[in-house]
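In: with the input below, show me the fold.
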Amino acid sequence: MIIKKSKIAIVGCGLVGSTTAFSLVTQGVCDEILMIDINKEKALGEVLDLRNTIKYLERNVKIVCGDYADCADVDLIVVTAGPPPKPGQSRLDSLDLSAQIAASIVEPIMKSGFQGIFVVISNPVDIMAYLIYKLSGLPKNQVIGTGTSLDTARLQNFLADLVKVDPRSIYAYSMGEHGDSQMVPWSVVTVAGKSFQDIITDNPQIVGDVDLDEIVSKTAREGWEIYNRKGTTYFGIASACVGIIKAILHDENKIIPVSTLLEGEYGQFDVYAGIPGILNRTGVSDILEIHMTEEEEKKFDASVQVIRQNIKRIQVYLQS
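Out: Next up, the predicted model:
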């Protein structure tokens with residue numbers, strides 16, 4: 001009997017791609033990592049640097065350079081390739097160039113015989129995941145955007161600071177667009193099972209006055225707070241991506257807010273958006289439909305409409 005090795009490819013060896021690879025290696029998530037970049041010398045430099053960590057880690061992960069033709073036996077491909085937005089821009093401003101890059105890599109990857117799972121980080125991630133889903137021809141469960149997974153971590157940090165608990169004790173989701181229009185269904189936010197609204201009411205001396213809209217705005221803009229200080233973000237999104245990968249490879253049935261195709265869920269059709277998805281070896285095996293208030297439903301719909309309107313901008317890639 002031959003035991004199959006787990007193999008992950010990372011397309012794009014910039015700070016996000018290399019940090020994702022580093023997180024995979026240090027956590028020993030897979031057997032092999034394939035690094036792919038248009039700048040082959042950059043990819044080789046990352047491989048050589050990453051290999052020097054193995055001596056001091058718990059697991060010997062094989063790390064190699066490669067090309068799209070090497071993706072036939074890969075279980076999962078992380079797509080990070082794309083231009084970062086410039087100061088004053090939104091993620092949507094990088095859409096045209098990101099779409100060009102995505103279109104250029106999907107065709108050779110699929111020609112290799114790849115039949116695994118795409119995890120898309122490239123922004124604007126909801127639209128890029130939708131584009132890769134369409135271009136690849138893979139089932140919807142096998143093309144996943146990181147969506148609002150990172151936004152949810154940011155939201156939980158803000159709430160944890162507010163009520164002074166471990167952020168892992170906060171149960172909350174940021175949903176919709178991974179961008180300025182995202183929303184939070186406050187009616188289902190809990191702290192270890194207790195309603196967040198009840199926490200506010202019962203603990204005014206601790207919580208004080210709370211502006212929920214301001215928290216949502218801070219969550220959406222947190223990436224820019226980091227960008228303005230260090231030039232880009234990579235630790236948070238790499239960790240979120242690896243969390244998604246572990247849930248898939250380890251068949252965890254873990255619920256993480258990712259971007260996936262909606263086909264009637266939340267009243268939406270033919271659009272990718274950030275929602276709580278159940279992740280296991282098949283990818284997104286199911287979608288958790290939260291019962292939101294009427295106001296929350298309107299905010300979610302408005303966020304999805306932003307995504308839908310921008311999907312129209314990439315129709316040229318879907319018609320070719």
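In: how far does the lowest-mean-pLDDT helix or strand in the chain sit from its chain's centre?
Out: The least trusted helix or strand in the chain, going by mean pLDDT, DSSP states H and E, turns out to be helix 204-207, with a mean of 80. Here helix 204-207 is found 34 Å from its chain centre; the criterion is C-alpha atoms, centre = their mean, to the nearest Å.
In: other SSEs contacting it?
Out: helix 149-163 (3 or more C-beta pairs under 8 Å, 6 or more residues apart in numbering; DSSP states H and E). To be clear about C-beta, it is placed using only N, CA and C from the backbone, and glycine gets the same treatment.
In: buried sites along the helix it packs on?
Out: Residues 149-156, 158-160, 162-163 are the ones in helix 149-163 that count as buried (16 or more other C-beta atoms under 10 Å).
In: just stretch 131-145 next, same as before
Out: The neighbour-count check on stretch 131-145 (16+ other C-beta under 10 Å) flags 131-136, 138, 140-145 as buried.
In: between the residues you listed, which is nearest residue 246?
Out: Nearest to residue 246 among the buried residues of stretch 131-145, counting by C-beta to C-beta, is residue 144 at 13.3 Å.
In: now the closest one: phi and psi?
Out: Main-chain torsions, residue 144, degrees, to the nearest 10: phi -130, psi 130.
In: sorry, back to before: next secondary structure after the least confident helix or strand of the chain?
Out: helix 212-230 (DSSP states H and E).
In: could I have that following helix exported to PDB, CA atoms only?
Out: Extracted in PDB, the C-alpha atoms of helix 212-230 (Å, rounded to 0.1, in the frame of the first residue of the first chain):
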ATOM      1  CA  LEU A 212     -21.800  49.000  16.800                       C
ATOM      2  CA  ASP A 213     -21.500  50.700  13.400                       C
ATOM      3  CA  GLU A 214     -18.100  52.100  14.400                       C
ATOM      4  CA  ILE A 215     -16.900  48.600  15.300                       C
ATOM      5  CA  VAL A 216     -17.900  47.400  11.900                       C
ATOM      6  CA  SER A 217     -16.200  50.300  10.300                       C
ATOM      7  CA  LYS A 218     -13.000  49.700  12.300                       C
ATOM      8  CA  THR A 219     -13.100  46.000  11.300                       C
ATOM      9  CA  ALA A 220     -13.400  46.900   7.600                       C
ATOM     10  CA  ARG A 221     -10.600  49.500   7.800                       C
ATOM     11  CA  GLU A 222      -8.200  47.500  10.000                       C
ATOM     12  CA  GLY A 223      -6.200  46.400   7.000                       C
ATOM     13  CA  TRP A 224      -5.500  50.000   6.100                       C
ATOM     14  CA  GLU A 225      -4.400  50.800   9.700                       C
ATOM     15  CA  ILE A 226      -1.800  48.100   9.200                       C
ATOM     16  CA  TYR A 227      -0.900  49.100   5.700                       C
ATOM     17  CA  ASN A 228      -0.300  52.700   6.700                       C
ATOM     18  CA  ARG A 229       2.200  51.600   9.300                       C
ATOM     19  CA  LYS A 230       4.100  48.800   7.700                       C
END
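In: and the helix or strand just after that helix, how far from the chain's centre?
Out: Using DSSP H and E, the helix or strand that follows helix 212-230 in sequence is helix 235-249. The chain centre lies 8 Å from the centre of helix 235-249; the measure is C-alpha atoms, centre = their mean.
In: how about stretch 218-228?
Out: For stretch 218-228, the distance to the chain centre is 16 Å (C-alpha atoms, centre = their mean).
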